[in-house]
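Student: below are the sequence and a predicted model for it; my questions follow.
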Amino acid sequence: MTTTPPPNLDADALIQSAPLPTRRTLRRRASLPLQVLRFGVLNVRMLRMVGKGHGDTRE
């Protein structure tokens, strides 16, 4: 049986010291056209990777 380690008491301090996202970052995260574009690029990259694994010679 495995026991879980005690929670890190410094986690709250680490979270408090983390930088907040800028307005530009938040706008990019909320932009639907940008997300659709990124989704498409990710899918093309995955298709290329799978194609290479199946012996596809196209690059």
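Tutor: Sure, I can see it.

Student: give the rounded mean pLDDT of the longest helix seen in the chain.
Tutor: Longest helix in the chain, counting residues (DSSP state H): helix 32-53. Mean pLDDT, helix 32-53: 95.

Student: helices and strands around that helix, which ones?
Tutor: Using 3 or more Cβ pairs under 8 Å, 6 or more residues apart in numbering; DSSP states H and E as the contact test, no helix or strand touches helix 32-53. To be clear about C-beta, it is placed using only N, CA and C from the backbone, and glycine gets the same treatment.

Student: now stretch 46-59, how far from the centre of its chain.
Tutor: Computed by Cα atoms, centre = their mean, to the nearest Å, the chain-centroid distance of stretch 46-59 equals 23 Å.

Student: likewise stretch 33-48?
Tutor: That offset, for stretch 33-48, works out to 13 Å (Cα atoms, centre = their mean).

Student: show me which positions of it end up buried.
Tutor: When burial is assessed from 16 or more other Cβ atoms under 10 Å, stretch 33-48 yields no buried residues.

Student: can you dump the C-alpha atoms of that stretch in PDB for me?
Tutor: Output in PDB follows, covering the C-alpha atoms of stretch 33-48 (Å, rounded to 0.1, in the frame of the first residue of the first chain):
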ATOM      1  CA  PRO A  33     -10.300  32.300 -34.600                       C
ATOM      2  CA  LEU A  34      -6.800  31.900 -33.200                       C
ATOM      3  CA  GLN A  35      -7.900  28.800 -31.300                       C
ATOM      4  CA  VAL A  36      -9.400  27.300 -34.500                       C
ATOM      5  CA  LEU A  37      -6.100  28.100 -36.300                       C
ATOM      6  CA  ARG A  38      -4.000  26.500 -33.600                       C
ATOM      7  CA  PHE A  39      -6.300  23.500 -33.500                       C
ATOM      8  CA  GLY A  40      -5.900  23.000 -37.300                       C
ATOM      9  CA  VAL A  41      -2.100  23.400 -37.100                       C
ATOM     10  CA  LEU A  42      -2.000  20.800 -34.300                       C
ATOM     11  CA  ASN A  43      -4.100  18.400 -36.300                       C
ATOM     12  CA  VAL A  44      -1.900  18.700 -39.400                       C
ATOM     13  CA  ARG A  45       1.200  18.100 -37.300                       C
ATOM     14  CA  MET A  46      -0.400  15.000 -35.700                       C
ATOM     15  CA  LEU A  47      -1.400  13.700 -39.200                       C
ATOM     16  CA  ARG A  48       2.100  14.100 -40.400                       C
END
